[in-house]
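*Asks:* Need a 3D model of the following:
(chains A and B)
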Amino acid sequence: MVLKIFFPQCCNRADSGLLVGRWISSQDSAVVLAVIHYPFIPGHVKQYIQQMQAKSGVELSVLGSWSLPKDGQEGMESFLRDLSTIFPQERWLQINREVGKMGFTCQVLQRDQNGRVVQRETKKKNEKVDEGAGEAGGDEEEQEEEKVIFVHYEQRKVMLSQLHPIENGVPDPKTAPPSELRQMFQTVANSQPLFFLDRYDDGPLKSTHWQTEGREASIIVELLKQALIPLCMLIGWLLSVWTWVCNIRIFSLYPLRFLSSKLSTCIQLSYRTEHMRLLSSPKPAAGHMQFMRKANIVVSFLVDVALGMLLIWWLYRDNHITMLANMLVPAADHVAKELDELLQWLMGAPAGLKMNRALDQVLGRFFLYHIHLWISYIHLMSPFIEGILWYGGLSACLGLTFALSLLSDMVALLTFHIYCFYVYGARLYCLKIYGLSSLWRLFRGKKWNVLRQRVDSCSYDLDQLFIGTLLFTVLLFLLPTTALYYLVFTLLRLVVVLFQGVLHLSVDFINSFPLFAMGLRITKPYRLAEGVKFRVLCEEPGTALHLLMEINPLKCSAVVQTYRTLTYSCYPKDSWAALVKKLFVGELIYPWRHKTTKTD
Amino acid sequence: MGPDSAPGPAVPWRKVLWECQPFPDNYVDQRFLEELRRNEGIRQYRYWAVVKEAGFVGERLSCVAIFITIWLYIEEGLLSPETLLWTSLVCALLGYGLHQALTSQVESGCEPRTRLADLQSATIFLSFTFGFSPVLKTLTESVSTDTVYAMSAFMLLAHLVSFPYAHPSPPGSFSLNAALFASVCLASRLPGALHTFAMLSCALLVFALWPCLLQRLRENAPSQFTGVCVGVCIGGVGGLGSQWPGGAVLLALALWSVTLLCPLLLVKLQGQKDNIQGPWDEAEIHEDLSHF
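*Replies:* Got it, this is the predicted structure:
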């Protein structure tokens, strides 16, 4: 059996005294948390440990004794050994460190049952007394039975770090207990009250452990926390007003609700509202995950607003708004002109393809008329565009994401004609494909059995066959023309969707990227631990093995995966095959249904 | 120890496997081939009967040839669409009358179609064809003529191959559709909408209604049926000959081989038939290709 002792590095040079810590009995290891120095009154020590146990919820106990003999303290050792009778424990550790030596020596005293073993121990003690200080014969026997490994850890890092993967909620008693490492981390993290005892306090006890050196900073943090409470209340009140406005009946009427579910600005607004609601709750964060979530939201919100301010500064500096507005109308005109030329090209013999001339002319004129309508709409709008842009630009003070969402919506509105073309083309194409597929079944003398979901043979009447074949021929010969129009307009639509997708993706990135967790990972890698690694410190024959425990930081990809804020990009998406199939059949594709798949 | 060298045992051999017998497993006795049967249920074909049946195939071939002839005439402008329409109308009325006469002779089991339903069908045919003929006319404008011809030839061939010669009434879906597709393709190359309309009506007569009438004729008046077949064949060859002599020669050769040569071959080769059956299970080879 190997006994592992987790020993804090800060106690390496502590004065002699009592080891306070916790036995992790199931895994046969001990976590040393602090050393209480001589002189002390045992009653005070017991009282203190009980107090700490009540505060932290960790089963604290006196593990044994620690001795680092200094000048004039030669007689300490036997005294410390006698302490084991004062603090009755199943096992009693005696750790010695000699000045000038790297390693410790450790003796373990067993006390399994009450009377007899106590006797045996006293006997051993006698022997030891007889044979003098050092390692007695009986102790050597026991050391052979039980080997000891010292694992040195840095108390502050272990206390602050969070071991991943995170286990939430109450652990199930049926399943296996948490691993030794996890228990050790929990023990150190939970026994924070133990570390509040200051080195310079004038109490009955003196102890050595990690202790903070930034009391002043923590006072400022506490003050800030107090100051944030009214701010949270203010945000909460504003939110309740906003929610009330949103719930007015007029907004839940059909056209408005439909519009607001399609406009990405409204979607972004609802996300922000939700985030703010989460932040403004007066209760402190329960658990590590929720704390990280809140912190991530706060940081990404601040970054967002800062970027938005930067954008505003650029936009309103040199009258960029007017420049943009003056550019926009000619750009829209230009697009319309290009479309016009494209249609003219399609109405001829595009790429040498043989199209049905009559249908080609009809479709081409229809779309040309549409473009004409569109241009007149743009020109009607042109006096107001600058104003719209000026006020729209103000939305950037809510964050860059708002500005980007607004841009995406404006692109959607400005390219509405392309969307219309696409819908017409797709509907026509879809109709043809469905008609052709069902008429092809008729052509072969089959029909689709809806009840059994299969193709059955069927005897048709003469007139059904005749009309079906006539329609089949017509549709078949007109298909290339429709398909070409569909193809061209789908490509145009895909370009627009691609642009919007890039915008959505960047908005989504700002919304969901865990900036705080990432910053924590970069500046303080030990805070997010994935595991530990051990390094051999010294291995001398005769002394116990000494290991140094170092914390493995979590990988960056794992940080992103664990802490990203849930947004709509996390929902399942259409696969590429499904998308291609939809395009082929002529079903409409919408970028706002889920996150669009074409863009990423 | 082979099966022949078995000693004459006291117990007779029985063809069972569940008893212990003093014979090897592959032993058979003298009665082995007694139950062998040859050519079971064979029908002896007579040459002229086969020729008569094959005549129907020849008739279909000739019908396609006649349709192509009419199309050639119309395309060259030798036959005006009005004439064709009137002729078709007269033929249709005559054929309808004949069909009714033949139907009234036989006591048809299932409920017969009423005149009203027939009139309704005819109206649908005519109105749809007439309505669609301008569309159909421009349908293949941009497609090259060779493509249209190839498609028509392919579809007419498919019609001939998939035609249900045993029960041609109603004509099978695929064969009728293929023929109609081919006729739409051909009709769309004609100069005017009326031409297209006339051509499609003619196609309807030749491919949809004529087989129905012919089937009635075959059921009720077999002797006339033979005569009609011969007449159609001669008409087909003659008609094609007037426009395309080479094609007529080819058609005549095809008809000769289908109606006279192939039945002769069938009857001759039937003597070679040797099909044995017996009390054994035939070995069936199920190749499991999944593990390759």
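*Asks:* quick one, what contacts the residue of the stretch 301-450 of chain A at minimum distance from chain B?
*Replies:* With Cβ to the nearest Cβ, the shortest gap between the stretch 301-450 of chain A and chain B falls at A:G445, namely 2.7 Å. From N, CA and C alone the C-beta is placed, and that goes for glycine too. For A:G445, the contact set (Cβ atoms under 8 Å, 6 or more residues apart in numbering or on different chains) comprises A:457-460, B:172-174, B:177.
*Asks:* quick one: buried residues of the helix or strand containing A:I371?
*Replies:* Secondary structure assignment for A:I371, by DSSP states H and E: helix A:357-394. Across helix A:357-394, burial judged by 16 or more other Cβ atoms under 10 Å in any protein chain shown covers A:358-360, A:363-364, A:367, A:370-371, A:374-375, A:378, A:382, A:385-386, A:389, A:392-393.
*Asks:* ok, back up a step: I'd like to know which of the contacts of A:G445 are buried.
*Replies:* Using 16+ other Cβ under 10 Å as the burial test, those include A:460, B:172-174, B:177 as buried.
*Asks:* Pick out the lowest-pLDDT one from the residues you listed.
*Replies:* Note: of the buried ones among the contacts of A:G445, the lowest pLDDT belongs to B:G172, at 77.
*Asks:* A:S437 is in contact with A:L475, correct?
*Replies:* No: using Cβ atoms under 8 Å, A:L475 is not in contact with A:S437; the gap is 10.2 Å.
*Asks:* Those two: which is more packed in?
*Replies:* Counted by other Cβ atoms under 10 Å in any protein chain shown, A:L475 and A:S437 do not tie: A:L475 has more neighbours, with 17 against 11.
*Asks:* Which other helices and strands does the strand or helix carrying the more buried one contact?
*Replies:* Using DSSP H and E, A:L475 maps to helix A:462-512. Judged by 3 or more Cβ pairs under 8 Å, 6 or more residues apart in numbering or on different chains; DSSP states H and E, helix A:462-512 is in contact with helix A:264-279, helix A:287-315, helix A:320-347, helix A:357-394, helix A:400-414, helix A:416-443, helix B:115-139, helix B:173-187.
*Asks:* Near chain A, which residues of the stretch 51-200 of chain B? Just list them.
*Replies:* The stretch 51-200 of chain B comes close to chain A at residues B:121, B:124-125, B:128-129, B:132, B:135-136, B:138-144, B:170, B:172-174, B:176-177, B:180-181, B:184-185, as judged by Cβ under 8 Å from any Cβ of the partner chain.
*Asks:* Can you turn the buried part of the residues you listed into a ChimeraX selection?
*Replies:* In ChimeraX syntax, the buried subset of these is picked out as below (16+ other Cβ under 10 Å):
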select /B:121,124,125,128,129,132,135,136,138,139,140,142,143,170,172,173,174,176,177,180,181,184,185
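*Asks:* before we move on, back to that, quick check: which of the helices and strands packed on helix A:462-512 is buried the most?
*Replies:* Comparing the helices and strands packed on helix A:462-512 by mean neighbour count (mean count of other Cβ atoms under 10 Å in any protein chain shown), helix B:173-187 ranks first with a mean of 26.
*Asks:* Just give the closest residue to the residue of the stretch 101-250 of chain B found nearest chain A, not the sequence neighbours.
*Replies:* Using Cβ to the nearest Cβ, B:S173 is the residue of the stretch 101-250 of chain B that sits closest to chain A, at 2.7 Å. In space, and not counting its chain neighbours, B:S173 is closest to A:G445: 2.7 Å by Cβ to Cβ, 6 or more residues apart in numbering or on different chains.
*Asks:* re earlier: restrict the buried residues of helix A:357-394 to those near chain B?
*Replies:* Contacts with chain B within the buried residues of helix A:357-394, counted by Cβ under 8 Å from any Cβ: A:A358.
*Asks:* Doesn't A:I36 belong to a strand?
*Replies:* Yes: applying DSSP: H, G, I helix; E, B strand; the rest coil, one finds A:I36 inside a strand.
*Asks:* Just grab the bridge partners of it for me.
*Replies:* A:L18, A:S207 (DSSP bridges).
*Asks:* Please list all residues in contact with it.
*Replies:* A:I36 is in contact with A:17-18, A:20, A:45, A:48, A:205-207, counting by Cβ under 8 Å, 6+ apart.
*Asks:* sorry, back to before: the residue of the stretch 101-250 of chain B closest to chain A and A:N552, how far apart?
*Replies:* 72 Å (Cβ to Cβ, to the nearest Å).
*Asks:* before we move on, the earlier item: mark which of the contacts of A:I36 are buried, thanks.
*Replies:* A:17-18, A:20, A:45, A:48, A:205-207.
*Asks:* wait, which of those is closest to chain B?
*Replies:* Nearest to chain B out of these is A:V20 (Cβ to the nearest Cβ; 70.1 Å).
*Asks:* Can you classify that closest one as helix, strand or coil?
*Replies:* Classification of A:V20 using three-state DSSP returns strand.
*Asks:* nearest residue to it other than its sequence neighbours?
*Replies:* In space, A:V20 is closest to A:A34, 4.7 Å off (Cβ to Cβ, 6+ apart).
*Asks:* so that neighbour sits right up against A:H209, yeah?
*Replies:* Yes: A:A34 lies in contact with A:H209 (Cβ under 8 Å); the separation is 3.8 Å.
*Asks:* right, and the helix or strand after the longest helix seen in chain B?
*Replies:* Using DSSP state H, we find that the single longest helix of chain B is helix B:47-76. Where DSSP H and E defines the elements, the next helix or strand beyond helix B:47-76 is helix B:81-105.
*Asks:* now that next one: how far from the chain's centre is it?
*Replies:* Relative to its chain's centre, helix B:81-105 lies at 23 Å (Cα atoms, centre = their mean, to the nearest Å).
*Asks:* how much does it deviate in direction from helix B:115-139?
*Replies:* 150 degrees (axes from the mean of the first three to the mean of the last three Cα atoms, to 10 degrees).
*Asks:* Helix B:81-105 packs against which elements?
*Replies:* Here helix B:81-105 is seen to pack against helix B:47-76, helix B:193-203, helix B:210-220 when contacts are counted using 3+ Cβ pairs under 8 Å, 6+ apart.
*Asks:* mind putting those helices in JSON lines, mean pLDDT and mean neighbour count included?
*Replies:* Formatted as JSON lines, the helices and strands packed on helix B:81-105 follow (pLDDT from 0 to 100; neighbours: other Cβ atoms under 10 Å in any protein chain shown):
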{"stretch": "helix B:47-76", "mean pLDDT": "90", "mean neighbour count": "20"}
{"stretch": "helix B:193-203", "mean pLDDT": "91", "mean neighbour count": "24"}
{"stretch": "helix B:210-220", "mean pLDDT": "86", "mean neighbour count": "19"}
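*Asks:* Just tell me which of the ones you listed ends up closest to B:T83.
*Replies:* Taking Cβ to Cβ as the criterion, B:T83 comes closest to helix B:193-203 out of the helices and strands packed on helix B:81-105, the separation being 8.7 Å.
*Asks:* Any regions of the stretch 151-300 of chain A where pLDDT drops low?
*Replies:* Low-confidence segments of the stretch 151-300 of chain A (pLDDT under 70): A:167-178, A:198-202, A:251, A:282.
*Asks:* And the strands in it?
*Replies:* Secondary structure of the stretch 151-300 of chain A (DSSP state E, counting those that start in this stretch): strands at A:162-163, A:207-208.
*Asks:* contacting residues for the closest residue to A:G392 other than its chain neighbours?
*Replies:* Nearest residue to A:G392 in three dimensions, chain neighbours excluded: A:L406, at 5.3 Å (Cβ to Cβ, 6+ apart). Residues in contact with A:L406 (Cβ under 8 Å, 6+ apart) are A:265, A:392, A:395.
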